[in-house]
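Asker: Next come a sequence and a model predicted from it.
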Amino acid sequence: MSQRKYFGTDGIRGRVGDSPITPDFMLHLGWAAGQAFKKKGQRNSVLIGKDTRLSGYMFESALEAGLSAAGVDVKLLGPMPTPAIAYLTRTFRASAGIVISASHNPHHDNGIKFFSSAGTKLDDALETEIESWLDRPIEVCAAEELGKATRVDDAPGRYVEFCKSTVPNEFTLDGLHVVLDCAHGATYHVAPKVFQELGARITTIGAEPDGLNINLNVGSTHLDALKKTVAEKQADMGIAFDGDGDRVLMVDRDGSEVDGDELLYILASHRHQEGRLNGGVVGTLMTNLGVELAFKNAGISFERAKVGDRYVMERLKANNWLVGGEGSGHMVIRDCTTTGDGIVSALQVLLAIRRSGRTMKELRQGMCKLPQKMVNVRVAKRFDPSSREDIVEAVRQAEEALGDAGRILLRASGTEPLIRVMAEGKNAEDISRIADELAFVVQRSRP
């Protein structure tokens, strides 16, 4: 894989005001992307959407100017979920889509994600090409060739209808009381409409964005508010999205959390029973070992990809499979959409619940998660843990102690300056101790 300077696991991300998350860089990035996406002989256009961060306005304007300078038309969607930009890029036949978002990160971070004309994440080669244009000075095209910018006022309605189209026409949520947590993010104005129009009675939290409260004690990374509301309202379940709407986690009526691994198991197992799975399931290096064992017992093939929904999608395409996902709540359902979509994934899980006639708790019982502990070690600069001899030796000793009854995984986060230390096995006490010991070694060894 080509070494890229700016692109990480999921686009370009960082703290607002720190390079490269600055207005001047975004201006240059818009121009570079415009050059990379331009196709000769046609009028090219790029869609720009964003989440609810205050800084999104600044970066939207900078990207718009850069794209215009490259001679590319711009369609501005406003605050919209990341998967909505993927969908609308396809339906508008645009050259590409750009999302201004830092997903589940706090408001002081922001970032850029790109979608191809097919509504998929960019491959490494195209990201490398964009970076090659960033090495060149901006050259503004002739005045008569400058790109034009327009706003798409009906984008939310288009996406709501798309989400509803991913379930059968006869499917309804009548009689179901759902609490929706929109993380004060990009789903705040579309998710309630989708579930209401399908017949659910909804209670909504985290749907009052002010530009600074995105993901603040709400959303898929902070489930306490959702658990509390489900209990207070005696709702049937709670559904939590992250700031940009490509992840979903759930809370059962008894307050128990249902993470992405469990949602993947529910969805894939039901499809397998109905004969609609079409092959196996793709998880990631972080997927709980209990999921893999449960799929094995059910006769379902399972494969692990690198962390990141783009890599899950790559393996699904290679195998011609349909369903994959991550414990964080990224789920990819290829016969529904082209990227991770929190709303669509939630609807598919609800479809499995309704069609099976069983509760979410009952559908989860076929899978027993093994104890797993994750420790995030913050670092000033990302590094490869496998490049440090002391870390490699500590991992070797831990794996030897676990034998075949567990797993160790150390990896640098692609979205934050963190080294993630994960231990997994049958004994919770041993796993906790091993994870903490390895985290200490990483902390001591960090640059």
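Answerer: Perfect, I can see it now. Nothing here was measured: the structure is a model prediction, and the numbers come from that model.
Asker: For residue 273, see how far away residue 178 is.
Answerer: 24 Å (Cβ to Cβ, to the nearest Å). The way it works is simple: take the backbone N, C-alpha and C, and place the C-beta from them, glycine included.
Asker: Could you point out the helix or strand that follows the helix or strand bottoming out on mean pLDDT in the chain?
Answerer: Ranked by mean pLDDT, DSSP states H and E, the helix or strand of the chain with the weakest confidence is strand 406-412, at a mean of 90. Using DSSP states H and E, the next helix or strand after strand 406-412 towards the C-terminus is strand 418-425.
Asker: Name every strand pairing with that next one and say which way it goes.
Answerer: Counting by DSSP bridges, the strands paired with strand 418-425 are strand 372-378 (antiparallel), strand 406-412 (antiparallel).
Asker: Quick check: which of the ones you listed is buried the most?
Answerer: strand 406-412 (a mean of 20; mean count of other Cβ atoms under 10 Å).
Asker: hang on, the earlier thing: in a markdown table: the strands paired with strand 418-425, plus distance to residue 196.
Answerer: What follows is these, written out as a markdown table (distance: least, Cβ to Cβ, whole Å):
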| stretch | distance to residue 196 |
| --- | --- |
| strand 372-378 | 36 |
| strand 406-412 | 40 |
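Asker: Of those, give the one that comes closest to residue 418.
Answerer: Proximity to residue 418, assessed across these by Cβ to Cβ, is greatest for strand 372-378 (4.7 Å).
Asker: Now residue 227: closest residue in space that isn't a chain neighbour?
Answerer: Closest residue to residue 227 apart from its sequence neighbours, by Cβ to Cβ, 6 or more residues apart in numbering: residue 255 at 4.9 Å.
Asker: residue contacts, that neighbour?
Answerer: With contact set as Cβ atoms under 8 Å, 6 or more residues apart in numbering, residue 255 has these partners: 227, 230-231.
Asker: tell me the secondary structure for it?
Answerer: Classification of residue 255 using DSSP: H, G, I helix; E, B strand; the rest coil returns coil.
Asker: Check what pLDDT it gets.
Answerer: Per-residue pLDDT puts residue 255 at 95.
Asker: Dihedrals phi and psi, it?
Answerer: phi 90, psi 0 (degrees, to the nearest 10).
Asker: measure it to residue 317 for me?
Answerer: 38 Å.
Asker: again with residue 110
Answerer: 29 Å.
Asker: between those two, which one's more packed in?
Answerer: residue 110 (26 against 13; other Cβ atoms under 10 Å).
Asker: What strand or helix carries that one?
Answerer: Going by DSSP H and E, residue 110 is part of strand 109-115.
Asker: could you say what helices and strands that strand packs with?
Answerer: Counting contacts by 3 or more Cβ pairs under 8 Å, 6 or more residues apart in numbering; DSSP states H and E, strand 109-115 is packed against strand 12-15, helix 23-37, helix 55-69, helix 82-91, strand 96-100, helix 124-134.
Asker: give me that answer again for 10 Å
Answerer: strand 12-15, helix 23-37, strand 45-50, helix 55-69, helix 82-91, strand 96-100, helix 124-134 (3 or more Cβ pairs under 10 Å, 6 or more residues apart in numbering; DSSP states H and E).
Asker: neighbouring strands for the third one, and are they parallel or not?
Answerer: Partners of strand 45-50 in the sheet, by DSSP bridges, are strand 73-79 (parallel), strand 96-100 (parallel).
Asker: May I see those arranged in TSV, with distance to residue 283 as well?
Answerer: Below are these laid out as TSV (distance: least, Cβ to Cβ, whole Å):
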stretch	distance to residue 283
strand 73-79	31
strand 96-100	24
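Asker: And the top helix by length along the chain, how far out from the chain middle?
Answerer: Secondary structure of the chain per DSSP state H: the longest helix is helix 428-445. Mean-position distance between helix 428-445 and its chain equals 27 Å (Cα atoms, centre = their mean, to the nearest Å).
Asker: go on, stretch 113-131?
Answerer: 16 Å.
Asker: Now do that stretch: distance from first to last residue.
Answerer: 14 Å (Cα to Cα, to the nearest Å).
Asker: List the buried residues for that stretch?
Answerer: Buried residues in stretch 113-131, counted by 16 or more other Cβ atoms under 10 Å: 113-117, 119-122, 126-131.
Asker: okay, and for the chain, where does confidence drop off?
Answerer: 1-3, 41, 447 (pLDDT under 70).
Asker: let's go with 80 and repeat that
Answerer: Counting by pLDDT under 80, the chain shows low-confidence ranges at 1-4, 9, 40-42, 382, 404-405, 414-416, 446-447.
Asker: How is it partitioned into domains?
Answerer: 12-155, 169-254, 259-364, 372-445 (automatic domain parsing).
Asker: TSV please, covering these and showing distance to residue 4.
Answerer: Shown next, in TSV, are those (distance: least, Cβ to Cβ, whole Å):
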stretch	distance to residue 4
domain 12-155	6
domain 169-254	21
domain 259-364	13
domain 372-445	11
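Asker: Identify the residue nearest residue 282 in space, chain neighbours excluded?
Answerer: residue 324 (3.3 Å).
Asker: With residue 325 as the reference, measure out to residue 267.
Answerer: Taking Cβ to Cβ, one finds residue 267 at 8 Å from residue 325.
Asker: Fine by me, thanks again.
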